[in-house]
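Visitor: Have a look at this fold, sequence not included:
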């Protein structure tokens, strides 16, 4: 069985020994992981590019998270455009809208999100979207930017939200949240969405799935999310793993081992 963790963060503060993390992931069947590189400040995009460059089981993205939107300057967007054009960067993001925390003013979030949606489109690369409590505005902005290639990471919406993103051409990536109690609306959305548009992820080190909830999440645990998604789709785990792995490889453009 082969699995792809479609979204994880492997910063040194959380994972000082990345190779040990990857060894556990490989033992669990994870053959590829998408490492998210995020803007931390001028010239600082985290370690995603560095850790992915020397590890064939990793690919990297770069983007400006909505939490950091108010801090991003025009020159930061210009630097992102240069870096994201590199062949080793497989996607732009994560970017998006977060109305739950509102750590940046919403107009700033929309401006930075729109700029990155346009950048992804110009580069012909997928867009990795973070959205929390903002599904309507997110879908409207994506439509306005004619964005049609990418993934709604850690999707937690209902059928209506799923339909809007799917109609735009986006994939839905499921995290450990799908294993939690009182997520029936999300479960219905998973049942509704076509298999060829689903991915699974950890969002490590956050959102560990049951039975690891409350612990630090890591790529090896993506199998538990895949297991729950397979149950909701009425499929064997192996079938779900094969499909989501192929979906991730096609979306992000990497070759599976």
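Guide: Arrived safely. Note that the coordinates shown come from a computational prediction; the quantities given were computed from them, not determined experimentally. Numbers count the residues shown, from 1 in each chain.
Visitor: C-alpha only now, for contacts and for neighbours.
Guide: Will do.
Visitor: Helices along this structure, start to end?
Guide: Taking DSSP state H as the test, the helices found in the chain are 18-27, 48-53, 74-84, 106-123, 135-144, 159-168, 184-192, 222-233, 237-252.
Visitor: Please name whichever of the ones you listed is nearest to residue 41.
Guide: Shortest separation from residue 41 across these is recorded for helix 74-84, at 8.4 Å, computed as CA to CA.
Visitor: Report the angle between the closest one and helix 106-123.
Guide: Taking axes from the mean of the first three to the mean of the last three CA atoms, to 10 degrees, helix 74-84 and helix 106-123 form an angle of 30 degrees between their directions.
Visitor: Now do the buried residues in helix 74-84.
Guide: Residues of helix 74-84 classed as buried by neighbour count (16 or more other CA atoms under 10 Å): 76-77, 80-81, 83-84.
Visitor: ok, now stretch 23-41?
Guide: Of all the residues in stretch 23-41, those buried under the rule 16+ other CA under 10 Å are 25-26, 28-39.
Visitor: Equivalent analysis for stretch 214-233, please.
Guide: Along stretch 214-233, the positions that meet the burial threshold by neighbour count (16+ other CA under 10 Å) are 217-230, 232-233.
Visitor: which one among the residues you listed gets closest to residue 116?
Guide: Relative to residue 116, and with distances defined as CA to CA, the nearest of the buried residues of stretch 214-233 is residue 219, at 26.2 Å.
Visitor: Next one: the spatially closest residue to residue 96 that is not a sequence neighbour relative to residue 233, how far apart?
Guide: Once its chain neighbours are removed from consideration, residue 96 has its nearest residue in residue 130; the separation is 4.7 Å (CA to CA, 6 or more residues apart in numbering). According to CA to CA, to the nearest Å, residue 130 stands 24 Å off from residue 233.
Visitor: I figured residue 119 hits residue 82, correct?
Guide: No - with contacts counted by CA atoms under 8 Å, residue 119 stays clear of residue 82, the gap being 10.2 Å.
Visitor: what number of residues lie near residue 128?
Guide: Here the number of neighbours of residue 128 (other CA atoms under 10 Å) works out to 28.
Visitor: scratch that, residue 155 is what I was asking about
Guide: By other CA under 10 Å, neighbour count at residue 155 equals 25.
Visitor: so what's it up against?
Guide: Shown here is residue 155, whose contacts under the criterion CA atoms under 8 Å, 6 or more residues apart in numbering are 131, 172-175.
Visitor: ok, 10 Å please
Guide: Contact partners of residue 155, counting by CA atoms under 10 Å, 6 or more residues apart in numbering, are 129-132, 161-162, 171-175, 177-178, 186, 189-190, 199-200.
Visitor: thought residue 190 was touching residue 175?
Guide: No - taking CA atoms under 10 Å as the contact criterion, residue 190 and residue 175 are not neighbours in contact, 11.5 Å apart.
Visitor: circling back: in TSV, list the helices of the chain along with distance to residue 153 and mean pLDDT.
Guide: As requested, the helices of the chain are exported to TSV (distance: least, CA to CA, whole Å; pLDDT from 0 to 100):
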stretch	distance to residue 153	mean pLDDT
helix 18-27	20	98
helix 48-53	17	96
helix 74-84	19	98
helix 106-123	14	98
helix 135-144	12	98
helix 159-168	11	98
helix 184-192	13	98
helix 222-233	14	98
helix 237-252	12	98
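Visitor: Of all the ones you listed, which one comes closest to residue 65?
Guide: Short answer: helix 106-123, nearest of these by CA to CA, at 8.4 Å.
Visitor: Taking helix 135-144 as reference, get the angle to the closest one.
Guide: Here the directions of helix 106-123 and helix 135-144 differ by 40 degrees (the same axes, to 10 degrees).
Visitor: wait, residue 145 sits on residue 121?
Guide: Yes - at 8.6 Å, residue 145 counts as touching residue 121 under the criterion of CA under 10 Å.
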